[in-house]
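Enquirer: Here is the input, now give the coordinates:
(one chain, ligands or ions: 3)
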Amino acid sequence: MSLTAVNSTVTPRIPPYLFDTDHRQRCLIQLRSKATGLEKYIYLSGLKERDPHLFYELTLNNLLEIVPILYTPTVGDACSNYSHIWRRPEGLYVSIESKGHIRDVLRTWHVGPSARIAVVTDGSRILGLGDLGANGLPISIGKLDLYIAGAGIKPTTTVPICLDLGTNTQKFLDDPLYLGVRCKRPGTEEMDAFMQEFMDAMKEVFPQLLVQFEDFSTDNAFRYLEMFRSKYRVFNDDIQGTGAVVLSGFINAAKLGSQAAGTRLEDQRILFFGAGSAGIGVAKQLISFFTLLGLTEEEAKRRIYTVDSKGLITADRKGLQEHKIYFARTDYSGPPLTKLTDIINYVKPTALLGLSTIRNAFSEDVVRLMASLNKRPIIFPLSNPVSLCEVDYADAVEWTNGSVVFASGSPYKPIEFEGKKYEPGQGNNMYIFPGLGLGTIVSKARHVTDSMVEQASIALSASLTKEEKDADLVYPRLIRIRDISAQIALAVVRAAQKDGVDENALFRNLSDDALLEVIQSKQWQPPSHRSPRL
Ligand SMILES: NC(=O)C1=CN([C@@H]2O[C@H](COP(=O)(O)OP(=O)(O)OC[C@H]3O[C@@H](n4cnc5c(N)ncnc54)[C@H](O)[C@@H]3O)[C@@H](O)[C@H]2O)C=CC1
Ligand SMILES: CC(=O)C(=O)O
Ligand SMILES: [Mg+2]
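Expert: Ligands and ions are numbered 1, 2, ... in the order given. Got it, this is the predicted structure:
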């Protein structure tokens, strides 16, 4: 090219790549060239900043590849290392130091009153990784990416929040790069006062907002759900979202298990390994599995056993935490049962659910014992991320000779065992919260009621196609998440109407088909990508 030719260009030349329809492909290749999950996470975060539409389009077109990076398992690495990989502000920190003027901090977020959904963590129990303090922000960002990709919530109406209240993890307090305030977490009284001011300020600054509490430590998870659920539009994902997703998968798994054994569905006996916010949240939701079959609550409760780090939870144990009391057994009076195989031999469960954060807790003898008791043992190792999963999929298939009905919290790939293909399920609240949130938002429900959560779960379990059922799946394929979220949202709207908490009267007169169409029309799509921002 001659100098004259360059000088003759009056308007600046737009680099050709900006009109290159293969730019998506270029980005995918760049993404795939990164050696580690964390590098991929950093690349995608940069892409979202440079070109959000392209980012969401790529995510939607490559869900199976990208969701495990934005979300579990890789988001766990991103959180653990967040103070070191941080590039730019990408969420809102509300610090303990902003007490007294929290509303001013919230007003700095660019969205304002049009905000519809906030995911709020205090970083105190991120996945199963413990107290990560201010490093917890990526979990709020990742969940909101799933709201956008999975339910079609408009990106500009989302608010990722991390409450920066200190951390009790010394290594972060000692880390010179740590992003958060350098103090231990406050006591209950100070924390309660902070949370009350925060929720009041949220309602004032973002009047239409649905708040999703995420990854609060167990006591606070239960506490703030109870404190705020009848006053604000709020739900707790780890208790209610997880409860709903596991109920849904369990409904389908129990059909496979009972069919193989020739038993009644109500004969299921469920053993929970882990009795924190997730374990107890799921156990409470599974009560409805039995009550929907006609059993009383008391009869349902008798079919559920819970285990914590001290063993089978019994009512005679001293100093039992409040959230463990409901399921504590009153029918066992022998010496404490602490070994999982002993507990299984005593309970004879049809289903073993792990929410313990204990890697490989479902060892070979545990899994083989489950298989010896059941033709199709239901084994759901639900702890996240993969590094804390109670049993790997390949082991579960091998040790049960392929009979296991399996769902894990983080994704596993399909495997081949003795010439046959086996496909795992992913029992993760990501199947529920996008649809639950969408339904709550479009119905303008004042509160998230128990029946909205239950109906979300039932809609998910009913969403399997014939092909998915024939493949013995207990959850639909992730690729269909948008359609599934719309169906869940429809069920949630109907439940909100039944409970009289909806404020969108227009929807009441629509048929289900018409309402589904309206919901789908409200799902945001990334506009077909033309060029990055000029
Ligand atoms: N799949 C999903 O959608 C979800 C998965 N989870 C996962 O569930 C796990 C637990 O979360 P939380 O309940 O909030 O945590 P948590 O820390 O409150 O609960 C852990 C429970 O496991 C028990 N435990 C610990 N060590 C044990 C041992 N050696 N034997 C038996 N029990 C033991 C504890 O006593 C406690 O009851 C986390 O890994 C989290 O990522 C949480 C929410 C959703
Ligand atoms: C999935 C999720 O919410 C958790 O592991 O905490
Ligand atoms: Mg969570």
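Enquirer: Can you check the pLDDT for residue 1?
Expert: What the model reports for residue 1 is a pLDDT of 32.
Enquirer: nope, residue 8 is what I was after
Expert: At residue 8 the predicted local distance difference test score is 40.
Enquirer: Contacts for stretch 469-487 next, please.
Expert: Contact with stretch 469-487 is made by 60, 63-64, 67, 149-152, 248-250, 252-253, 256, 405, 407, 423, 425-427, 430-431, 434-435, 438, 459-460, 463-465, 468, 516, 519-520, 523, as judged by C-beta atoms under 8 Å, 6 or more residues apart in numbering. For the C-beta atoms, the positions are set from N, CA and C on the backbone; glycine is no exception.
Enquirer: ok, now how distant is the closest residue to residue 150 other than its chain neighbours from residue 241?
Expert: Distance criterion C-beta to C-beta, 6 or more residues apart in numbering; nearest residue to residue 150, sequence neighbours excluded, is residue 434 at 3.9 Å. Here the criterion is C-beta to C-beta, to the nearest Å. By it, residue 434 lies 10 Å from residue 241.
Enquirer: Next: residue 337.
Expert: Between residue 337 and residue 241 the distance is 30 Å, computed by C-beta to C-beta.
Enquirer: Likewise for residue 74?
Expert: If you measure residue 74 against residue 241 using C-beta to C-beta, the figure is 20 Å.
Enquirer: Those two: who's more crowded?
Expert: residue 241 (30 against 25; other C-beta atoms under 10 Å).
Enquirer: how far away is the closest residue to the more buried one other than its chain neighbours from ligand 1?
Expert: Spatially, and ignoring its direct neighbours in sequence, residue 241 is nearest to residue 429 (3.5 Å; C-beta to C-beta, 6+ apart). According to C-beta to the nearest ligand atom, to the nearest Å, residue 429 stands 4 Å off from ligand 1.
Enquirer: what pLDDT does whichever residue of the stretch 301-450 of the chain sits closest to ligand 3 get?
Expert: Using C-beta to the ion, residue 429 is the residue of the stretch 301-450 of the chain that sits closest to ligand 3, at 6.8 Å. Here, the pLDDT recorded for residue 429 equals 98.
Enquirer: count of neighbours near it?
Expert: If we define neighbours as other C-beta under 10 Å, then residue 429 has 28 of them.
Enquirer: same deal with residue 260?
Expert: 14.
Enquirer: Only the buried residues of whichever strand or helix holds it, if you could.
Expert: Using DSSP states H and E, the element containing residue 260 is helix 242-261. Neighbour counts over helix 242-261 (16 or more other C-beta atoms under 10 Å) mark 242-258 as buried.
Enquirer: elements contacting that helix?
Expert: Packed against helix 242-261, as judged by 3 or more C-beta pairs under 8 Å, 6 or more residues apart in numbering; DSSP states H and E, are the following elements: helix 277-291, strand 351-354, strand 378-381, strand 405-408, helix 450-461.
Enquirer: so which of these is the most packed in?
Expert: Of all these, strand 378-381 carries the top mean neighbour count, a mean of 29, counting by mean count of other C-beta atoms under 10 Å.
Enquirer: so residue 326 makes contact with residue 287?
Expert: No: using C-beta atoms under 8 Å, residue 326 makes no contact with residue 287, being 9.4 Å away.
Enquirer: Between these two, which contacts overlap?
Expert: residue 301.
Enquirer: For ligand 1, what's its nearest residue on this structure.
Expert: Closest to ligand 1 within the chain is residue 276: 2.1 Å, counting by C-beta to the nearest ligand atom.
Enquirer: That residue: neighbour count?
Expert: Burial of residue 276, expressed as a neighbour count using other C-beta under 10 Å, amounts to 24.
Enquirer: Contact partners for it?
Expert: Residue 276 makes contact with 218, 308, 355, according to C-beta under 8 Å, 6+ apart.
Enquirer: Compare these and tell me which is most surrounded.
Expert: Within the contacts of residue 276, most neighbours by other C-beta under 10 Å means residue 355, with 29 neighbours.
Enquirer: Next one: that residue from ligand 2, what distance?
Expert: Shown here: residue 355 relative to ligand 2, a distance of 9 Å by C-beta to the nearest ligand atom.
Enquirer: again, but for residue 276
Expert: 10 Å.
Enquirer: now that residue: how far from residue 236?
Expert: Looking at residue 276 against residue 236, where the rule is C-beta to C-beta, the gap reads 12 Å.
Enquirer: cool, residue 102 as well?
Expert: Distance of residue 102 to residue 236, given as C-beta to C-beta: 20 Å.
Enquirer: Residue 314 too?
Expert: When distance is defined by C-beta to C-beta, residue 314 is 27 Å away from residue 236.
Enquirer: Residue 118 in helix, strand or coil?
Expert: Put simply, residue 118 is strand when judged by DSSP: H, G, I helix; E, B strand; the rest coil.
Enquirer: wait, isn't it in contact with residue 163?
Expert: No: taking contacts as C-beta under 8 Å, residue 118 lies outside contact range of residue 163: 11.2 Å.
Enquirer: For residue 155, the count of nearby residues, please.
Expert: 18.
Enquirer: show me what contacts it?
Expert: Under the criterion of C-beta under 8 Å, 6+ apart, the neighbours of residue 155 are 52, 56, 148, 524.
Enquirer: who wins for most neighbours among those residues?
Expert: Once you tally neighbours by other C-beta under 10 Å, residue 148 ends up highest among these, having 24 neighbours.
Enquirer: Quick check: closest non-adjacent residue to residue 46.
Expert: residue 87 (7.0 Å).
Enquirer: quick one: the one you found and ligand 3, what's the gap?
Expert: When C-beta to the ion, to the nearest Å is the yardstick, residue 87 and ligand 3 sit 24 Å from each other.
Enquirer: In terms of helix, strand or coil, where does that residue fall?
Expert: Look at residue 87: counting by three-state DSSP, its state is coil.
Enquirer: what's the answer for residue 514, then?
Expert: Note that with three-state DSSP, the state of residue 514 is helix.
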